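Asks: Fold the stuff below for me.
(2 chains)
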Amino acid sequence: MKKVKKFFQYDNIGLLFAFPAFLYMLVFVGYPIISNIILSFQDVTMKNLVRGEKHFIWLQNYAELVRDSVFKKAFFNTLLFTVCCLAIQFVIGFALAVFFNKDFKVAKPVRGLLMMPWMIPITITALIFKFIFATDVGILNYILKSIGIISKNVEWLTQPDTAMAALICANVWIGIPFNMILISTGLTTIPKELYESASIDGANKLQTFIKITLPMLRSTIESVLILGFIYTFKVYDLVYVMTSGGPVNSTHMLSTYSYKLSFEMFQYSKGSAVANALLVVLLIVGSFYIRTTTKGEET
Amino acid sequence: MKLKRLTACITAAVITAGIMAGCGNSQSAESTTKAENTTKTESTTKAEESNKTEAANKEADNGNQEAEKVTIWYYWETEGHQVALDKVITDYNGQQSNYEVTAKYVPFADFKKQLSIGASASELPDMVIIDSPDHASYASMGIFADLTGKFDVNQYYEGAVNSCTIDGALYGVPFGVNCLSLYYNADMLEAAGCTPPTTWDETLETAKKLTKDNVTGLAFCCLQNEEGTFNFTPWLWSTGATSYEMGSEGGIKALTFLKNMVESGAMSKECINWTQGDVMNQFISGNAAMMVNGPWQIPTMQSEAPDLNWGVTLIPKDAEYASVLGGENYAVIADGNEAGALSFLEYATAEEQVKFMMNSFGYISADQSIAENQFEADSPYLPFVEQLKYAQPRGPLADWPSVSDAISLAFNKAMTGTATPEEAAAEAQTTIDGIVK
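Replies: Numbering: from 1, shown residues only, chains lettered A, B, ... in the order given. All right, here's what the predicted structure looks like:
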């Protein structure tokens, strides 16, 4: 009895409150992950999915993937896509945030409107961009042609390089509001007094930006970048709708390739191995996120 | 550090909003729920109806039997298809009291996934209506009942029966068949002074003549998936090569033909992003003078573009005429209500029901005796009946999805110029050899 009483003193009671959430995580997050890892060590295809006879082949799926040129391409694509999207949307988002932080009349409503791309269902955005980038009937080619930048229609989505650029372009459009709104929030938390005293000291705009704005926003920037990375790295719907990984597998991401292996070619184990590769990268990045946020709380 | 906490809070809020937005809005999720809703309402009305019939039957024979349930999964998204199937089911439920059939719509893109998840969770329907090239894959999973000797398929087209036969055992019944043929815009051909092409050389020449301004000569779906492979195989088979001989002279020739069509501008490279439905839209809006497509487009074309003057003819040949057999098969699930499924199958494959469904679907009956007098003399479907004589099924092979993937990769490479036809063909052959030993 005494022991029980002691257990519930202080912080331990918190553990009890956390228990339902823990149970939920265990069933709906932990179980699928572990089951997926086991699956990736087996040789499950359509033939033995129902009949049982699932053999453990351990790392063979992974060994095959390392030799698989589409997997390598997909891995590289996912990284390229993520880095490009992050860099572009962060810079534009930052610029817009600073701009709308200025106190002018329509700043607030316009900033609200700019959130729209982020609110639209991704499937719809993807379909719209598919139309924009269409070769013969797309509005982009029409505009470029009428102002004389190109003379022949560019085959945006049917050439490997331009298809990737088109995907990045669409995703940046979606991602800018996310960056903008988070950085805007960060900006409002910087005390005005800092800028006032800096201007009294005779600092110019660039100096205040580098010496005050950036350092004060450090933790916000870290969060934005890491969360952005996680969001972008697991991209699926956008790619699936716009190119389905084509042309010629050139825009496959880890997520789309995993889907293709599992549900189009019925190689479930191989598909889950690809999904695990995705998981590992996200785990690493996720742990950085947890580290930076908890560090922030302690200071 | 209040500020940081504030930031964290807002971040959290934004994330939650994002997750919710993400969940609620994915199109497939929406369509699934929609589908579920419709099936729900359907099944409720059906349930009500069957309750009535049940009650009636109870009155009649002091019934002590309750109707056994039989569920069917299908993937037709066209409303006309759903309504037609629904009518047959309602009629069936009304004319007997042993079984109560309900049908559930599962989107095509999710069908394979749903069925394989259902198989591993032992939550399968009693019957499915599936795409014929997938039949062998599913049958090799062991989820289909062996119907050998339980259903008579003697009158059916051989190719269609082959698509549901594995190692001599019958694992399904063809629902209806279709194949691809060449549609042409008669007015455009006349204006250019051409006749419909019959050989590949003529095709290239005619298509080039027809190409001007916004019009391309020929269009057909070249997606890098099963749909694309479906449209490519008639060209491949026409050379005499089989699906497993991509590396042969015929395979290279077919790829080279496609490459030349695209490079000359007579065919848009965007065909690699067009579904068969997209191709049909290009055709009826006058952006393509000829297209390869199936008979199921005819009802839509007639209602969307009644003034368009078009004709259908055989797909131009290289060495021999060829086309690909498409369509759906019924399959009965092994551990389901087999007797009930077979009873419905007997009803649904009787001439009256078949004619009704085929005509509302724009399909051709897989039952040759019905197909031959299914259409009037001037019906636009007749050329497809003629083309059916040259149509072969894909596979049947459990690993067909992988073979299909290799083939579609090859023509995508050749069309985009990522590889020469020779390289693409050789690569596909290596992949196929690795699958078919």
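
Asks: Can you name the helix or strand that the residue lying closest to residue B:96 once chain neighbours are set aside falls in?
Replies: Nearest non-adjacent residue to residue B:96, counting by Cβ to Cβ, 6 or more residues apart in numbering or on different chains: residue B:343, 7.6 Å away. (Each C-beta comes from the backbone N, C-alpha and C, glycine too.) Per DSSP states H and E: residue B:343 is located in helix B:338-348.

Asks: buried sites along that helix?
Replies: By neighbour count with 16 or more other Cβ atoms under 10 Å in any protein chain shown, helix B:338-348 contains the buried residues B:338, B:340-345, B:347-348.

Asks: Report the mean per-residue pLDDT for it.
Replies: Here helix B:338-348 scores 93 as its mean pLDDT.

Asks: ditto for stretch B:192-211
Replies: Across stretch B:192-211, the per-residue pLDDT values average to 94.

Asks: what do you get for stretch B:241-256?
Replies: 95.

Asks: Which residues belonging to it are considered buried?
Replies: B:241, B:243-248, B:250-256.

Asks: which among these gets closest to residue B:108?
Replies: Checking the buried residues of stretch B:241-256 against residue B:108 by Cβ to Cβ gives residue B:243 as the nearest, at 21.9 Å.

Asks: what's around residue B:78, how many residues?
Replies: Neighbour count of residue B:78, defined by other Cβ atoms under 10 Å in any protein chain shown: 14.

Asks: check contacts around it.
Replies: residue B:296 (Cβ atoms under 8 Å, 6 or more residues apart in numbering or on different chains).

Asks: just the strands in chain B please.
Replies: Applying DSSP state E to chain B gives strands spanning B:68-74, B:99-105, B:127-131, B:165-166, B:169-170, B:173-179, B:181-185, B:216-219, B:288-293, B:310-313, B:323-332, B:391-392.

Asks: a markdown table for these, including mean pLDDT and distance to residue B:424?
Replies: Formatted as a markdown table, those follow (pLDDT from 0 to 100; distance: least, Cβ to Cβ, whole Å):
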| stretch | mean pLDDT | distance to residue B:424 |
| --- | --- | --- |
| strand B:68-74 | 93 | 36 |
| strand B:99-105 | 93 | 38 |
| strand B:127-131 | 93 | 26 |
| strand B:165-166 | 88 | 30 |
| strand B:169-170 | 92 | 36 |
| strand B:173-179 | 92 | 26 |
| strand B:181-185 | 96 | 24 |
| strand B:216-219 | 94 | 20 |
| strand B:288-293 | 95 | 20 |
| strand B:310-313 | 95 | 29 |
| strand B:323-332 | 93 | 20 |
| strand B:391-392 | 88 | 23 |
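
Asks: Isn't residue B:322 up against residue B:232?
Replies: No: with contact taken as Cβ atoms under 8 Å, residue B:322 and residue B:232 are classed as non-touching, separated by 11.3 Å.

Asks: which of these two has more neighbours?
Replies: Higher neighbour count among residue B:322 and residue B:232: residue B:232, with 27 against 23, using other Cβ under 10 Å.

Asks: Could I get the pLDDT score of the more buried one?
Replies: So residue B:232 comes in at 96 (pLDDT).

Asks: who's in contact with the residue lying closest to it once chain neighbours are set aside?
Replies: Counting by Cβ to Cβ, 6+ apart, residue B:232 lies nearest to residue B:411, which is 5.2 Å off, once chain neighbours are set aside. Going by Cβ under 8 Å, 6+ apart, residue B:411 touches B:222, B:228, B:232, B:254-255, B:258, B:424.

Asks: Among these, which are located in helices?
Replies: Judged by DSSP state H, the contacts of residue B:411 include B:228, B:232, B:254-255, B:258, B:424 as members of helices.

Asks: Redo these as a markdown table? Include distance to residue B:372.
Replies: As requested, the ones in helices among the contacts of residue B:411 are arranged in a markdown table below (distance: Cβ to Cβ, whole Å):
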| residue | distance to residue B:372 |
| --- | --- |
| B:228 | 31 |
| B:232 | 29 |
| B:254 | 31 |
| B:255 | 36 |
| B:258 | 34 |
| B:424 | 40 |
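
Asks: And for the nearest residue to residue B:261 once chain neighbours are set aside, the neighbour number?
Replies: Nearest non-adjacent residue to residue B:261, counting by Cβ to Cβ, 6+ apart: residue B:267, 4.1 Å away. Other residues within reach of residue B:267, judged by other Cβ under 10 Å, total 27.

Asks: any idea how far residue B:156 is from residue B:267?
Replies: Between residue B:267 and residue B:156 the computed distance is 35 Å (Cβ to Cβ, to the nearest Å).

Asks: now do residue A:182
Replies: 63 Å.

Asks: Same question for residue B:271.
Replies: According to Cβ to Cβ, residue B:271 and residue B:156 sit 33 Å apart.

Asks: thinking again about what came up before, would you list the strands of chain B in JSON lines and tack on mean neighbour count and distance to residue A:115?
Replies: Below are the strands of chain B laid out as JSON lines (neighbours: other Cβ atoms under 10 Å in any protein chain shown; distance: least, Cβ to Cβ, whole Å):
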{"stretch": "strand B:68-74", "mean neighbour count": "20", "distance to residue A:115": "40"}
{"stretch": "strand B:99-105", "mean neighbour count": "22", "distance to residue A:115": "35"}
{"stretch": "strand B:127-131", "mean neighbour count": "25", "distance to residue A:115": "42"}
{"stretch": "strand B:165-166", "mean neighbour count": "20", "distance to residue A:115": "55"}
{"stretch": "strand B:169-170", "mean neighbour count": "16", "distance to residue A:115": "58"}
{"stretch": "strand B:173-179", "mean neighbour count": "27", "distance to residue A:115": "47"}
{"stretch": "strand B:181-185", "mean neighbour count": "25", "distance to residue A:115": "46"}
{"stretch": "strand B:216-219", "mean neighbour count": "27", "distance to residue A:115": "40"}
{"stretch": "strand B:288-293", "mean neighbour count": "27", "distance to residue A:115": "40"}
{"stretch": "strand B:310-313", "mean neighbour count": "17", "distance to residue A:115": "47"}
{"stretch": "strand B:323-332", "mean neighbour count": "26", "distance to residue A:115": "45"}
{"stretch": "strand B:391-392", "mean neighbour count": "22", "distance to residue A:115": "53"}
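
Asks: quick one on the thing from earlier: tell me the one among the buried residues of helix B:338-348 nearest to residue A:149.
Replies: The nearest one, if we look at those relative to residue A:149 and count by Cβ to Cβ, is residue B:348, at 58.7 Å.

Asks: Test my guess that that closest one contacts residue B:92.
Replies: Yes: between residue B:348 and residue B:92 there is a contact at 7.2 Å, judged by Cβ under 8 Å.

Asks: For residue A:90, which non-adjacent residue is spatially closest?
Replies: Nearest one to residue A:90, counting by Cβ to Cβ, 6+ apart, is residue A:179 at 5.3 Å.

Asks: Contacts only, for that neighbour.
Replies: A:89-90, A:92-94, A:97, A:224, A:228.

Asks: Give me the pLDDT for residue 280.
Replies: You didn't pick a chain, so chain A it is. pLDDT, residue A:280: 94.

Asks: sorry, should have said chain B
Replies: Value for residue B:280, per-residue pLDDT: 94.

Asks: Quick check: chain neighbours aside, which residue is closest to it?
Replies: Closest to residue B:280 by Cβ to Cβ, 6+ apart is residue B:297, at 4.6 Å.

Asks: show me what contacts the one you found?
Replies: Per Cβ under 8 Å, 6+ apart, neighbours of residue B:297: B:183, B:276-277, B:280, B:362.

Asks: Neighbour-wise, which one of the residues you listed leads?
Replies: Result: residue B:183 is most packed of the contacts of residue B:297 (other Cβ under 10 Å), 31 neighbours.

Asks: helices or strands up against the helix holding residue B:343?
Replies: Applying 3 or more Cβ pairs under 8 Å, 6 or more residues apart in numbering or on different chains; DSSP states H and E, one finds that helix B:338-348 makes contact with strand B:68-74, helix B:79-95, strand B:99-105, strand B:127-131, strand B:323-332, helix B:351-361.

Asks: Great, nothing more from me.
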